[in-house]
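Show me the folded form of this:
(one chain, ligands or ions: 1)
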Amino acid sequence: MRMTLLRLSRAATAGLVAAAALTAATHSAEAARAADTLGSAAAGQGRYFGTAVAASHLDEAGYVSTLNREFTSATPENEMKWDATEPSRGNFTFGAADQVVDHARSQGMDVRGHTLVWHSQLPSWVGGLGAADLRTAMNNHINSVMGHYKGQIHSWDVVNEAFQDGGSGARRSSPFQDKLGNGFIEEAFRTARAADPAAKLCYNDYNTDGVNAKSNAVYDMVKDFKSRGVPIDCVGFQGHFNSNSPVPADFRANLQRFADLGVDVQITELDIEGSGTAQANSYADVVEACLAVDRCTGITVWGVTDKYSWRSSGTPLLFDGDYQEKPAYGAVLSALGGDGGGDPGNGTASCTATYTRTADWSSGYNGQVTITAGSEPIGSWTTTVTFASPQRVQATWNATPTWDGGGNVMTARPSWNGTLAAGASTSFGFTVSKNGSDTAPAVGACTAS
Ligand code: 9MR
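Residues are numbered from 1 along each chain as shown. I've put the predicted structure just below:
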């Protein structure tokens with residue numbers, strides 16, 4: 001029996017928007033305590049918690065705020081693949097990948113490089129080359145892409161998905177395999193080590209999460225590499241799960257046997273189709289497996305929100321299409337030892353208040369405060385917003401203000417929007433004249449009743 005009850009109630013604790021820099025969170029009956037995020041909870045376990053990131057969504061506020069708040073590692077979902085970075089021979093294009101890398105680094109995130117040598121998303125010119133040319137092109141591709149990001153990548157998926165599915169344990173047919181033979185993998189890793197000695201070099205694959213013929217074949221390769229000194233630092237287990245391919249019971253044991261070869265292991269593309277408790281429990285299983293293996297250094301989920309998942313209809317991720325935390329989010333946070341920020345079902349009304357600037361011009365700005373109920377429904381809320389002198393508030397909406405502190409401290413109460421379901425949000429806003437000061441207002445504690 002899974003620990004369903006425990007996990008469900010734990011999941012409910014995470015029905016909160018986590019604290020950001022300008023967030024104040026309190027509970028009316030307890031001392032203020034900021035809620036953990038996936039990244040902070042994972043850091044408490046000495047791990048990173050990452051996500052695939054698509055450059056095309058970096059202009060969406062909800063996407064970016066969730067990404068920045070929750071994750072400590074980013075993997076460009078498609079932007080570093082060969083078709084994106086070298087669409088024609090010798091012409092390298094890094095624009096979209098740079099966007100992801102620059103954003104991630106500006107937020108202090110690690111970056112996983114994905115991926116250098118892969119049979120898929122491979123431009124057709126590569127398949128047209130003869131063996132000698134292909135070898136040159138492969139090494140040049142590795143050198144050029146790794147060179148461009150030298151010193152900026154935590155781990156590189158040097159070779160991706162080089163083994164066949166099924167019971168054969170054979171290498172997958174690809175231009176590299178077919179023309180260069182098994183040795184292409186070793187050559188790619190040797191080239192990669194020289195290109196960026198600071199990056200960890202990973203082999204990455206799917207359907208290798210449990211002990212099976214495919215993972216045995218990868219295991220044998222890694223063992224051989226380690227015994228011969230071929231540079232390899234890590235093995236990525238993608239972790240794409242659904243009802244046909246559930247989290248294997250021997251996932252932890254499989255991770256451990258690779259770790260015992262002297263490599264780190266990482267869960268690199270985690271997503272689990274489903275919903276509710278079943279999905280939450282599977283996510284918790286994966287996190288627990290990683291935490292049980294010392295050399296499991298981090299987990300990456302394959303996207304921020306269900307709506308942009310490659311398997312969007314299977315709703316396999318931790319945030320729904322409105323960036324609301326799903327039960328799976330709470331299960332992951334709880335498995336990571338995180339604090340969702342409230343005690344579920346104890347009848348304590350609580351809320352958080354989070355500020356964002358929504359518009360800005362030379363003489364003024366618009367600000368918005370989002371109030372989110374904790375794990376209990378609330379009937380009303382109140383918070384303060386302190387403006388830097390000599391700023392002046394010209395207008396407010398969706399809140400009833402009263403003023404204090406010489407006119408700089410606004411106490412905001414609901415106008416019509418006091419009642420919120422557990423985890424639900426409302427926002428109020430204001431227009432401010434800067435009068436020469438561009439300082440952001442300070443949002444005080446949110447009190448719920
Ligand atoms: O999520 C990626 C999707 O946007 C692309 O269309 C697809 C193309 O092959 O690749 C997806 O990511 C894959 C990853 O790069 C390697 N492992 C399997 C992932 C899911 O297909």
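
contacting residues for Asp294?
The neighbourhood of Asp294, defined by C-beta atoms under 8 Å, 6 or more residues apart in numbering, consists of Ala259. C-beta coordinates here come from the backbone N, C-alpha and C atoms, glycine included.

Quick check: it vs Glu79, distance?
Applying C-beta to C-beta, to the nearest Å, the value for Asp294 to Glu79 is 32 Å.

Val332 now?
In terms of C-beta to C-beta, Val332 sits 25 Å off from Glu79.

Between the two, which has more neighbouring residues?
Taking other C-beta atoms under 10 Å, Val332 and Glu79 do not tie; Val332 has more neighbours (27 against 22).

So the more buried one: helix, strand or coil?
Going by DSSP: H, G, I helix; E, B strand; the rest coil, the secondary structure assigned to Val332 is helix.

Does it touch Val287 like I think?
Yes: using C-beta atoms under 8 Å, Val332 is in contact with Val287, at 5.5 Å.

Can you give the distance of the lengthiest helix in the chain from its chain's centre?
Using DSSP state H to define each element, the chain has its longest helix at helix 131-148. How far helix 131-148 lies from its chain's middle: 29 Å, per C-alpha atoms, centre = their mean, to the nearest Å.

can you list the residues that contact it?
Under the contact criterion C-beta under 8 Å, 6+ apart, helix 131-148 has outside partners 80, 82, 85-86, 89-90, 92, 94, 113, 116-117, 126, 129, 153, 156, 158, 175-176, 179-180, 184, 187-188, 191-192, 195-196, 199.

Please check these and keep the buried ones.
80, 82, 85-86, 94, 113, 116-117, 126, 129, 153, 156, 158, 175-176, 179-180, 184, 187-188, 191-192, 195-196, 199 (16 or more other C-beta atoms under 10 Å).

Narrow the residues you listed to those in helices?
Per DSSP H, helices hold the following members of these: 82, 85, 126, 175-176, 179-180, 184, 187-188, 191-192, 195.

strands paired with the helix or strand where Val393 lies, and their directions?
Taking DSSP states H and E as the criterion, Val393 maps to strand 392-397. Paired strands of strand 392-397, with direction, are strand 425-433 (antiparallel) (DSSP bridges).

is it true that Met334 touches Ala328?
Small correction: residue 334 is Ser, not Met. No: counting by C-beta under 8 Å, Ser334 sits too far from Ala328 to count as a contact (10.6 Å).

Enumerate the residues of this protein near the ligand.
Counting by C-beta under 6 Å from any ligand atom, the chain comes close to the ligand at 77-78, 120-121, 206, 238, 269, 310.

can you tell me the residue of the protein closest to the ligand?
Going by C-beta to the nearest ligand atom, the ligand is nearest to Trp310 of the chain, at 3.7 Å.

on that earlier part again, not counting the strand holding Val393 itself, show me its contacts.
By C-beta under 8 Å, 6+ apart, the residues outside strand 392-397 that reach it are 364, 387, 401, 407, 410, 412, 428-433, 435.

helix or strand right after that strand?
Counting by DSSP H and E, the next helix or strand C-terminal to strand 392-397 is strand 400-404.

And the pLDDT at the nearest residue to Phe94 once chain neighbours are set aside?
Leaving out its chain neighbours, the residue that sits closest to Phe94 by C-beta to C-beta, 6 or more residues apart in numbering is His148, at 5.6 Å. What the model reports for His148 is a pLDDT of 98.

again with Ala18
Ala18 is assigned 34 on the pLDDT scale.

For the residue of the chain closest to the ligand, give me the backbone phi and psi.
The phi/psi pair for Trp310 (degrees, to the nearest 10) reads phi -60, psi -20.

Leaving out chain neighbours, which residue sits closest to it?
Counting by C-beta to C-beta, 6+ apart, Trp310 lies nearest to Trp302, which is 7.0 Å off, once chain neighbours are set aside.

The one you found: what's it in contact with?
Counting by C-beta under 8 Å, 6+ apart, Trp302 makes contact with 51-52, 77, 238, 240, 269-271, 309-310, 316-317.

coming back round to it: Ser334 and Ala328 - which one has more neighbours?
Ala328 (29 against 25).

how near is the residue nearest to Trp310 to Trp125?
28 Å.

who's the residue positioned nearest the centre of the chain bridged to?
Centroid-nearest residue in the chain, with C-alpha atoms, centre = their mean: Thr51, separated by 2.5 Å. Thr51 has the following beta-bridge partners by DSSP bridges: Ala74, Val301.

Contact partners for it?
Going by C-beta under 8 Å, 6+ apart, Thr51 touches 67, 70-71, 73-75, 300-304.

could you redo the last one with a cut-off of 6 Å?
Contacts for Thr51 (C-beta atoms under 6 Å, 6 or more residues apart in numbering) come out as 71, 301, 304.

Report how many residues lie close to Val263.
Neighbour count for Val263, taken as other C-beta under 10 Å: 21.

Do I have it right that it meets Cys234?
Yes: here Val263 lies in contact with Cys234, judged by C-beta atoms under 6 Å, at a distance of 5.4 Å.

If I follow the layout properly, Val218 ends up in contact with Asp209?
No: assessed by C-beta under 6 Å, Val218 is found out of contact with Asp209, at 11.0 Å.

Which one's more surrounded, these two?
Ranked by neighbour count (other C-beta under 10 Å), Val218 and Asp209 place Asp209 first, with 26 against 19.

Now the more buried one. Its backbone dihedrals?
The phi/psi pair for Asp209 (degrees, to the nearest 10) reads phi -70, psi -30.

and the nearest residue to Pro246 once chain neighbours are set aside, what helix or strand is that in?
Computed as C-beta to C-beta, 6+ apart, the closest residue to Pro246 that is not its neighbour in sequence is Ser282, at 6.9 Å. Using DSSP H and E, Ser282 sits within helix 276-291.

And that helix, what's buried?
Applying 16+ other C-beta under 10 Å to helix 276-291 flags 277-287, 289-291 as buried.

excluding its backbone neighbours, what's nearest Arg54?
Arg isn't right for residue 54; it's Ala. Spatial nearest neighbour of Ala54, chain neighbours left out: Glu77 (4.8 Å); criterion: C-beta to C-beta, 6+ apart.

what's the distance between that neighbour and Tyr308?
Note on Glu77: its distance to Tyr308, by C-beta to C-beta, is 9 Å.

These two - which one has more neighbours?
The neighbour comparison of Glu77 against Tyr308 (other C-beta under 10 Å) goes to Glu77, with 22 against 17.

per-residue confidence at that one?
pLDDT, Glu77: 98.

What are the contacting residues of stretch 166-180?
Stretch 166-180 has contacts (C-beta under 6 Å, 6+ apart) with 119, 126-127, 131, 134, 162-164, 184, 213, 217.

any idea of the mean pLDDT in stretch 156-168?
Per-residue pLDDT values over stretch 156-168 give a mean of 97.
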